[in-house]
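J.: Sharing a sequence plus its predicted fold:
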Amino acid sequence: MKPKFAMYWAASCGGCEIAVLNTHEKILDVDANFDVVFWPVAMDAKYKDVEAMEDGSILLTLFNGSIRNDENEHIAKLLRRKSKLLVAFGSCACEGCIPGLANLSPVGDIVHTAFNTITTDNPHGIYPRTSYDVPEGELHIPTLAKALRPLEQVVDVDYYMPGCPPESHQIAAVIDLVVKVVKGEAELPPKGATIGVGDSTVCDECPRARNVKMIKEFTRIQDIAPVDPTLCILEQGVPCNGPATRSGCNARCPQAGAQCIGCYGPAEGVMDYGARLITAFSSVIDATTPEEIDHILDGIPDPTGQVYRFNLAGSLMKANKSAWEKA
Amino acid sequence: MTDDTFEPTIIGFTCNWCSYRASDLAGTARMKYAPNVRLIRLMCSGRLDPTFVLRALSGGADGVMITGCHPGECHYIEQNYKALRRFLLLRRVLTGLGIEPERVKLVWASAAEGAKFAAEATAFVEEIRKLGPLNWGKADSGQQTVDHEEPSTVHRPSSEVEVPA
Amino acid sequence: MSDQKQERVGVYVCHCGTNIAGTVDVVDVANWAAEKLKHQGVIIAREYKFMCSSLGQELIEKDIKELGLTRVVVAACSPHLHEKTFRTAAKNAGLNPYLVELASIREQVSWVHTDKVVATAKSKAVVSGAVSRVIENRALDEIKVPINPNTLIVGGGVAGIQSALEIANAGFHVYLVEREPSIGGHMAQFDKTFPTLDCSACILTPRMVEAGTHPNITLLTWSEVTNVAGYVGNFHVTIKKKARFVNEELCTGCGICQEKCPKKVIDDVYEAGLGYRKTVYTPFAQAVPNFPVMDKENCTYFIKGTCKACEKFCPTNAIDFAQQDQMLNIDVGNIILATGYDLFDARRVSNYGYGRLPNVFTSLEFERLSNAAGPTSGNIVLRDGKTMPKSVGIIHCVGSRDKNFNNYCSTICCMQGLKFAHLVHERTGATVYNFYIDMRTAYKAYDEFYQRVLEEGTLFVRGKVAEVTDAARNDREKGKLIIQCEDTLAGKQRRIPVDMVILSSGLQPRKDAKEVGKLFGISCSMDGWFTEKHPKLDPVATMTEGIYIVGCAQGPKDIPSSVAQGAAASARVLDKILQKEVSLEPIKASINKEACSGCRICNGLCPFNAIAFIADDMVSDINPALCQGCGTCVAACPAGAISGTGFSDAQIMAQIDGLLLKNLEIGNY
């Protein structure tokens, strides 16, 4: 009997699923070596089927998306119980990713914005309710939590695989590894490891030349002309998150002429990704008076978004004060 | 809404060569200051990793006081300027997280400035007292959801969303 | 963490007599630690009257041996006082000294707080922080480095000369570097020294000669240090030996070139602008070395391309117009800075009229005026060069004890003013007024000198001079300088007409003191003087090991104190040399090359050039010998690839959690 495999999509965009499919024929290895028991985006399955499974009966679950509502949380806990190996798959599950930026606002404001802006046709100001009585009984829709949480803040996670989405070649390599483990040809990495990544940061894979950096002005890449295609992007004054971001993507963005925005998350052992970027950017500022420094910092218009774009929910502070203070 | 009984908890980072010695001097000279500040000695304000500040604020501190040698007087020549740059960016990031920038303060104090150290500590405690508790790490039972230490086996329903009127 | 063996921690709470126990319930703190921090591995918590006493130390040593403690926390005074004591105790008992942590509950708690309940609670938090931290401490070994027995002394004034002679006489080599053409410093410009009225040149010249001829002293005058690298025991120093245009090998110091040089310029260094010197010159007759230097800016040959009188007449062909600056590289183990002071520029006190009113003199001008070898052969005369003053006013505290200029007391100006009064009285018989704020005549035989000057009939007016003016209000004042002053003893305003005014100017840090400090890696105080390691107990050492400061570079002082400091620093250097090696604190940063991405962000952060980029491997690396342990790069590495011993992230995070009592929450540890 083949070991069981599951993949789930909580609060996320679906890009992770696409990335899995982007492994092309490698996906057949999954089918050849695993019995896919639960993968809502690819096959029909019901929660109750999973609930009926024996605890620990799924060998491998790739969990993508973060925990935004009680349904996400319920399934996360369910899959945790049923799975031997639970992988936080993709940036959302690992550290909150873009959906995690919702933690900058109180959830009420988010709902209000969604249902009461000029782009929403809601003339009667109707808001969704989480439960509703109908003749057949009480209906529920999932309830939003005050703040979004990455998977590890809800359940115990065995492995982390970051990226928005994880690079397909890394996914393929991980599939290869798991297949080998199943066949007894390889051993699993230690619990808690981050897999499908390099052991340094993006600069390690970036081909651009770099020198000692002294920045007099931060700017946007579209505002510099001409951009030197061979020189370190940060050195050209553009806040590039590469120095603090886990390698493994082959420096995809800098290679394509854009700054790294940090989707692979922090390097091994780093407690707070944003703090690493704060020190990285401030270290290259070429000024000594508070006024000069502040003037240079004005070139980073949204510092919080800059350093926590992918990592806010997984950071030490996790959310804006208003997100948990107000409902 | 000021809470008279609120006693702020402050973590202070000091430089081994100046501000820590200033605090020693405040002690030797028996100067009195607010007891809310708990100090950590670093070799230099340049050692201050913003993570330390985030750890303190998320772990229950209501404010963080960072102290170092006066500009131009760093024991390691110029590392306090690096601390200054980090501090200024960190404060911007904290502001984006809804944390009052006044909760993190940078103070220059030389080894000779025991009186300044004591006065700044007391003044900072009063500033924080006015701001009220930060309560970041102290998610009490009334405050739901950002409930990070929740053991995975306990299921608690998330609170319902209240819709603004 | 669960698979890790739990540490066995001992907590020792000191009463420090009543210093701590008077404000902190030490028994409660110890009991609390034993109970509440048990889960972290605290197996014993004791309190004792004086932990630092030999009995207290034995208590700890005994527990380490008998209970097998692997970590020790001593809750007592500041680590700056007794960290070494308890580390040594641990070492004696076989525990690595770096596994001991001091929790300062005296300087940080009992001495600064009064409420016993609050102080006890804070003490618990401080102990909790130390316990959490000490668990993350790692055993470290002191780093031993050999000491180069050579010493560099910068500045050849009386303090530097004293240092040089002490070390050289002990048999070790000294490089004595002086910026000016001759050693001697300010003291060589003085006529008499207070309070004994010894002739300055008479007592200094033999010392200068001794330094100039000592086999263990390499004298490098007309030279400046341009670069300093390395660390205690192993400094690499670059010295720029400026071109003298005189070949020192050939020159005999006969002085013919000076005699024959046709061009005179005002000497505003040695003669304080009162006299002239030639463009090839030694600053004074007793100069050491007595090789002249060529003043390139003023020399006719360098300006017009002709003259060469000096070359023509030099009997040994020592003049060399083609001479170039030389860069010398030397290795030394210790460095003494004796860079002296600048005189306060009296022009800045515009109401005293210096520079505007001809017969207002600075103290240095007066020194030259009264010097038998000076421009007037020791005749105290007015600016016209011939008129002897009948009345002289001496103003103290010029530029000192004044919020507009320098807050500090320049220490020497009172005695200097008294010396001037005596000399004026002795040489001219003029009426002398001294205007002072407070008379400061501390030290041996100083006040006796004051009494002597009083008895000589010098008049003293206590009060700060408001103005020196030549605007006469009556015939009595006509043609005089009028000193307008409040006489605080008489309680009235006075206008005192005099012929001559001497400003007893204060001392100031050298104008390039900040840059020099940066060059040698030491700091300056707010006033600009070099900062000593401890104002009382370590006045000649600095925070940078192997660098010492003596004389006025450290702060205003008189000749005896400068000499004493010169000798003191030499004793410290000799102590280092004789130890042959020095232990460095093992607080260093290092880079995990696997994790380093080669982003080069750390490269610009180290002022000690300890971080190098290895282009072949595209990684950065830290030279532990150059690393001073500040930790700036550790905090800056965006990849978290740099770690620092002694102050690791784990230690500091644990201390934060401990101070916030997060460690008490079950499941956190």
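T.: Arrived safely, thanks for sending.
J.: can you pull out the strands in the stretch 101-250 of chain C?
T.: Along the stretch 101-250 of chain C, the stretches classed as strands by DSSP state E, counting those that start in this stretch are C:143-146, C:151-154, C:174-177, C:192-193, C:198-199, C:217-220, C:223-231, C:234-241.
J.: Determine which stretch of those strands is the most buried.
T.: strand C:151-154 (a mean of 29; mean count of other Cβ atoms under 10 Å in any protein chain shown). Just so you know, the C-beta spots here come from the backbone N, C-alpha and C atoms, and that holds for glycine as well.
J.: Spit out the contact partners of residue 49.
T.: This is for chain A. Contact partners of residue A:49, counting by Cβ atoms under 8 Å, 6 or more residues apart in numbering or on different chains, are A:37, A:38.
J.: wrong one, chain C
T.: For residue C:49, the contact set (Cβ under 8 Å, 6+ apart) comprises C:14, C:15, C:17, C:56.
J.: still on that earlier bit, the strands of the stretch 101-250 of chain C: which one's closest to chain A?
T.: strand C:223-231 (18.0 Å; Cβ to the nearest Cβ).
J.: Apart from its chain neighbours, what residue comes closest to residue 313?
T.: In the absence of a named chain, this looks at chain A. Distances taken as Cβ to Cβ, 6 or more residues apart in numbering or on different chains place residue A:96 nearest to residue A:313, at 2.5 Å, with adjacent residues excluded.
J.: was after chain C, sorry
T.: Using Cβ to Cβ, 6+ apart, the closest residue to residue C:313 is residue C:260 (4.4 Å).
J.: neighbours around residue 166, how many?
T.: In the absence of a named chain, this looks at chain A. Other residues near residue A:166 number 29, with proximity taken as other Cβ atoms under 10 Å in any protein chain shown.
J.: was after chain C, sorry
T.: 19.
J.: Over to residue C:615?
T.: Neighbours of residue C:615 using other Cβ under 10 Å come to 8.
J.: Need the phi and psi values for it.
T.: Dihedral angles of residue C:615 (phi, psi; degrees, to the nearest 10) stand at phi -60, psi -40.
J.: how about JSON lines for the strands of the stretch 101-250 of chain C, with distance to chain A and mean pLDDT added?
T.: Formatted as JSON lines, the strands of the stretch 101-250 of chain C follow (distance: least, Cβ to the nearest Cβ, whole Å; pLDDT from 0 to 100):
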{"stretch": "strand C:143-146", "distance to chain A": "26", "mean pLDDT": "89"}
{"stretch": "strand C:151-154", "distance to chain A": "27", "mean pLDDT": "98"}
{"stretch": "strand C:174-177", "distance to chain A": "30", "mean pLDDT": "98"}
{"stretch": "strand C:192-193", "distance to chain A": "43", "mean pLDDT": "94"}
{"stretch": "strand C:198-199", "distance to chain A": "48", "mean pLDDT": "91"}
{"stretch": "strand C:217-220", "distance to chain A": "34", "mean pLDDT": "97"}
{"stretch": "strand C:223-231", "distance to chain A": "18", "mean pLDDT": "92"}
{"stretch": "strand C:234-241", "distance to chain A": "22", "mean pLDDT": "96"}
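J.: need the helices for the chain, in chain order.
T.: This is for chain A. Ranges of helices in chain A, per DSSP state H, are A:15-21, A:26-33, A:47-52, A:70-82, A:91-95, A:107-115, A:168-182, A:252-255, A:273-283, A:290-297, A:303-308, A:321-325.
J.: could you do chain B instead?
T.: Using DSSP H, helices in chain B cover B:19-28, B:50-58, B:79-96, B:114-131.
J.: Do any residues in the last one lie close to chain C?
T.: So the one you mean is helix B:114-131. Yes - Helix B:114-131 lies within reach of chain C by Cβ under 8 Å from any Cβ of the partner chain, at residue B:118.
J.: Is any residue of that helix near chain A?
T.: No - using Cβ under 8 Å from any Cβ, helix B:114-131 stays clear of chain A, coming no nearer than 11.4 Å.
J.: Quick check: buried residues in that helix?
T.: B:114, B:116-122, B:124-125, B:128-129, B:131 (16 or more other Cβ atoms under 10 Å in any protein chain shown).
J.: how about those, which pair is most distant?
T.: B:114 and B:131 (26.3 Å; Cβ to Cβ).
J.: so how far is residue C:271 from residue C:357?
T.: 20 Å (Cβ to Cβ, to the nearest Å).
J.: ok, and the closest non-adjacent residue to residue A:80?
T.: Residue A:80's closest residue in space is residue A:155 (Cβ to Cβ, 6+ apart), at 4.0 Å.
J.: Surely that neighbour is in contact with residue A:83?
T.: No - the pair residue A:155 and residue A:83 fails to qualify as a contact (Cβ atoms under 8 Å) at a distance of 9.7 Å.
J.: what residues are up against the residue in the stretch 201-327 of chain A that chain B sits nearest to?
T.: Among the residues of the stretch 201-327 of chain A, residue A:304 lies closest to chain B, at 2.6 Å counting by Cβ to the nearest Cβ. By Cβ under 8 Å, 6+ apart, the residues touching residue A:304 are A:104, A:274, A:312, B:92, B:93, B:95, B:96, B:97.
J.: pLDDT weak spots in chain A?
T.: Where chain A drops to pLDDT under 70, the residues are A:326-327.
J.: Domain ranges for it, per the record?
T.: Domain assignment for chain A, taken from automatic domain parsing, gives A:4-99+A:146-182, A:108-144, A:202-323.
J.: check whether stretch C:589-601 contacts chain B.
T.: No - judged by Cβ under 8 Å from any Cβ, stretch C:589-601 stays clear of chain B, getting no closer than 9.6 Å.
J.: quick one on the thing from earlier: possible to save the domains of chain A as TSV with distance to residue C:373?
T.: Below are the domains of chain A laid out as TSV (distance: least, Cβ to Cβ, whole Å):
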stretch	distance to residue C:373
domain A:4-99+A:146-182	80
domain A:108-144	86
domain A:202-323	48
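J.: Specify which member of the buried residues of helix B:114-131 is nearest to chain A.
T.: Comparing these against chain A with Cβ to the nearest Cβ places residue B:131 closest, at 11.4 Å.
J.: still on that earlier bit, wait, the residue nearest to residue A:313 sits on residue A:319?
T.: No - counting by Cβ under 8 Å, residue A:96 does not reach residue A:319; the two are 9.4 Å apart.
J.: where do the contact lists of the two overlap?
T.: A:103, A:312, A:313.
J.: Those in strands, which ones?
T.: In strands, judged by DSSP state E, none of the shared contacts of residue A:96 and residue A:319 are found.
J.: which of the residues you listed tops the neighbour count?
T.: Using other Cβ under 10 Å as the neighbour test, those are led by residue A:312, with 32 neighbours.
J.: quick one, what contacts that residue?
T.: So residue A:312 contacts A:96, A:100, A:101, A:103, A:104, A:274, A:304, A:318, A:319 (Cβ under 8 Å, 6+ apart).
J.: how much space between the closest residue to chain A within chain B and chain C?
T.: For chain B, the residue closest to chain A is residue B:96, as judged by Cβ to the nearest Cβ, at 2.6 Å. Distance, residue B:96 to chain C, using Cβ to the nearest Cβ, to the nearest Å: 19 Å.
J.: Count the residues that sit near that residue.
T.: Neighbour tally, residue B:96, other Cβ under 10 Å: 19.
J.: Equivalent analysis for residue C:300, please.
T.: Residue C:300 has 15 nearby residues by other Cβ under 10 Å.
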